[in-house]
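1. quick one: sequence and predicted model below, then my questions.
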Amino acid sequence: MAALVKAERLVKDFPVRGAFPGSKKKYVHAVDYVDLAIEEGEVLGLAGESGSGKSTTGRLLVRLVEPSSGRIEYRGRDITEYPRRELEALRAKIQMIFQDPVSSLSPRMSVGEAIGHPLKIHGLGDAARRRDAVLGIMEKVGLSPAPYLYRKYPHQLSGGQSQRVVIARALVTRPDFIVADEPIAMADVSVRALILQLMRQLKDEMGLTYLFITHDLATAKYLCDRVAIMYLGRIVEMATRDELFSHPHHPYAKALLAAVPIPDPKARKPKNLPAGEIPSAIDPPSGCHFHPRCPYAMPACSLARPPLRDLGSGHLSACILE
Amino acid sequence: MAYADGDPILEIHGLSIAYPISIGTVRAVESVSLSVRKGEVLGIVGESGCGKSTLGLSILKLMKPPGRISAGSILYKGADVLSMGEKSLLDLRGRNIAMIFQNPLTSLDPLVTVQDHFVEAIRVHEPEVGRKDCRARAEAILSDLGIEGRRLSEYPYQLSGGMRQRIMIGLALILHPDILLADEPTTALDVIVEAGFTELLMKLKRQYDLTVLLISHNLGLVAEMADRIAVMYGGRIAELASVEDIFARPLHPYTRGLMACVPNILLDQKELVAMPGSPPDLVDAPEGCPFAPRCPEVMEVCRVETPRLKDYGGPAAACWLYERKA
């Protein structure tokens, strides 16, 4: 199958100002040569801790952030250098869902206005047709009775309803690629399951492709077909869901999996955690970024960046261990 | 009187907390009775708005205004916390019962060094202690936390997130309290740091002979730490049982729903069973079980009369399903 979205050697460096005028300019290496391809109809999970670059990667793919270098393709076309007008048209097809539904919605826009806003921006349909489209998508995401909720304002909605409004707004222009950045991180436990179910159902009904960004590996396991794990701007491991969760290869991926809390007291056991925390992305460790914390580190690990190599059937790992 | 492991060190009887607001009264906590045993880790679990944090704060008589206790009592080692004057309360807070909060960055003063945080924590209760002694005590506790002594002269911004949270727990333990109240202590932390913090907290619990009240929405976290769990819903305790019982044989339909909708990385879950509806509005809530509108096993009596928390041979639940059978 052809890739719907593809990133090649994608890099994003954010400049940070030094403490004093004239001091040397430094960069946060948020995304450090990332290659990935998402097939049509697939859910690719992008997992990692804060500061791993997963959100920046998502924003680069929808061109909310300009890459420092590298190439982004959508349906085989290079969109890295798309001019503003073409980019705007593209935005009807690729959409983003953000973490916090409350800050993603304008308190002064009713539900109907908010969901219909993208249609207005893209000049799709007249007022009556737009209203129909909005009511239609509202029913689809479970905002019912739609005509009643259409007139409500964000402060009158529950957390779960707000997240549904955000999802409806992302879907109203009938996109085919969605970047969902921690869409359930702020939601309550019982709401999370509903949103996950909804995302799955919408994907099948509307033929969507997701990049699902999460710090929660248990959720990634539930929703994703393939999962990529990021550490300090780099993908360290990428494999199908079953492969990754049953045979993780990279020591960081193993540590991350072992650290996930298990909702079952029978599964209590010591975890063998790596020492320390993620170092700064301004001046990351040489070679493999994980080597200072890695229990298996060898002299070679600090010398050169280990390439993502195929362990067989597309299971990629950036670790030189056999 | 010396308390041995298992003795009720903190007892809450029929506690109700109300917030009078313009459109009515929010019954944030309603008729909660709970006995905390010395040496245990008691998890208080529930979703936002279930009253778990309000309950935690009330133990130190720290409810945010206009909240007030409308009924009930809280006994710490037999002494009534709610009738205490300011002076006894100050003594209770920090020295007997200490608290750690969710976000270490907002709990530490950005303009104050780590050392001065410790100096303040000690001198509030023991004003006669000199700076040198404070520093020595702080250094001793930092080594238990796995933090180098040189960090004492640093400011919060110079510390990583995990280190800040460890400093928080150090500040809480510096006066050797009996009870540690931890309200969502790991929610702001990344998963590996969280796991490390959990292991540290359990080590400190043994070392400092603590009783821990762990307030959290994270079932995974309480499954790893708690001995007993109280599940709260709509301001009430829906179920109270040992961690083994609650995960193996949940009684209350809400507990069962909660268990079924949480992703577990060890399982191959094809479907999560989501609970329809949303948590109740606690403003002038009607009589009846607060979970009744969402309950798959609701009966007529559930909407009319509120079930009480009853013991069913170990696990306790507030549910008419069992009351009728019994």
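-> Yep, that arrived. The shown structure was predicted, so the numbers you read here are calculated from the model rather than taken from an experiment.

2. helix, strand or coil for the closest residue to chain B within chain A?
-> Taking C-beta to the nearest C-beta as the measure, the point where chain A comes nearest chain B is A:Pro261, at 3.0 Å. The way it works is simple: take the backbone N, C-alpha and C, and place the C-beta from them, glycine included. Assigned by DSSP: H, G, I helix; E, B strand; the rest coil, the conformation of A:Pro261 is coil.

3. could you find the closest non-adjacent residue to it?
-> Once flanking residues are discounted, A:Pro261 sits nearest to B:Gly220: 3.0 Å by C-beta to C-beta, 6 or more residues apart in numbering or on different chains.

4. can you tell me which helix or strand that neighbour belongs to?
-> helix B:219-225 (DSSP states H and E).

5. which residue is nearest the middle of the chain?
-> With no chain named, the answer covers chain A. Computing the C-alpha centroid of chain A and ranking residues by C-alpha atoms, centre = their mean puts A:Ile213 first, at 2.7 Å.

6. oops, wrong one, chain B.
-> B:Ile215 (2.8 Å).

7. close to chain A: what parts of the stretch 101-250 of chain B are there?
-> For the stretch 101-250 of chain B, the residues in contact with chain A (C-beta under 8 Å from any C-beta of the partner chain) are B:160-163, B:190-196, B:198-199, B:217-221, B:223-224, B:243-244, B:247-248.

8. what do you get if the cut-off is 6 Å, keeping everything else the same?
-> Where the stretch 101-250 of chain B comes near chain A, counting by C-beta under 6 Å from any C-beta of the partner chain, the residues are B:160, B:162, B:190-193, B:195-196, B:219-221, B:223-224, B:243-244, B:247.

9. from those residues, which is closest to A:Gln161?
-> B:Leu219 (23.7 Å; C-beta to C-beta).

10. what's the neighbour count on that closest one?
-> 25 (other C-beta atoms under 10 Å in any protein chain shown).

11. also the one 4 residues further on?
-> Applying other C-beta under 10 Å, we find 25 other residues in the vicinity of B:Ala223.

12. ok, A:Leu36 next?
-> 21.

13. A:Asp32 belongs to a helix?
-> No - read with three-state DSSP, A:Asp32 is strand and lies in no helix.

14. the strand or helix carrying A:Ala170 packs against which elements?
-> Following DSSP H and E, one finds A:Ala170 within helix A:159-171. The contact analysis (3 or more C-beta pairs under 6 Å, 6 or more residues apart in numbering or on different chains; DSSP states H and E) places helix A:159-171 against strand A:94-97, helix A:101-104, helix A:111-121, helix A:127-140, helix A:189-206.

15. kindly reformat the ones you listed as JSON lines containing mean neighbour count, distance to chain B and mean pLDDT.
-> Output for the helices and strands packed on helix A:159-171, formatted as JSON lines (neighbours: other C-beta atoms under 10 Å in any protein chain shown; distance: least, C-beta to the nearest C-beta, whole Å; pLDDT from 0 to 100):
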{"stretch": "strand A:94-97", "mean neighbour count": "23", "distance to chain B": "18", "mean pLDDT": "95"}
{"stretch": "helix A:101-104", "mean neighbour count": "16", "distance to chain B": "13", "mean pLDDT": "89"}
{"stretch": "helix A:111-121", "mean neighbour count": "20", "distance to chain B": "16", "mean pLDDT": "96"}
{"stretch": "helix A:127-140", "mean neighbour count": "16", "distance to chain B": "16", "mean pLDDT": "96"}
{"stretch": "helix A:189-206", "mean neighbour count": "19", "distance to chain B": "4", "mean pLDDT": "92"}
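
16. now do the helix holding B:Gly220: which elements does it pack against?
-> Against helix B:219-225 (3+ C-beta pairs under 6 Å, 6+ apart) you get strand B:41-45.

17. quick one: name the residues of chain A near chain B.
-> Checking chain A against chain B by C-beta under 6 Å from any C-beta, the hits are A:49-50, A:158, A:188-190, A:193-194, A:197, A:217-219, A:221-222, A:259-265, A:268, A:271, A:273, A:277.

18. can you map out the helices along chain B?
-> Using DSSP state H, the helices of chain B run over B:52-59, B:86-91, B:104-107, B:114-125, B:131-144, B:161-173, B:191-207, B:219-225, B:243-248, B:253-260, B:300-304, B:320-325.

19. least reliable of those helices going by mean pLDDT?
-> Mean pLDDT per stretch puts helix B:104-107 lowest among the helices of chain B, at a mean of 79.

20. for that helix, buried residues please.
-> B:Pro104, B:Ser107 (16 or more other C-beta atoms under 10 Å in any protein chain shown).
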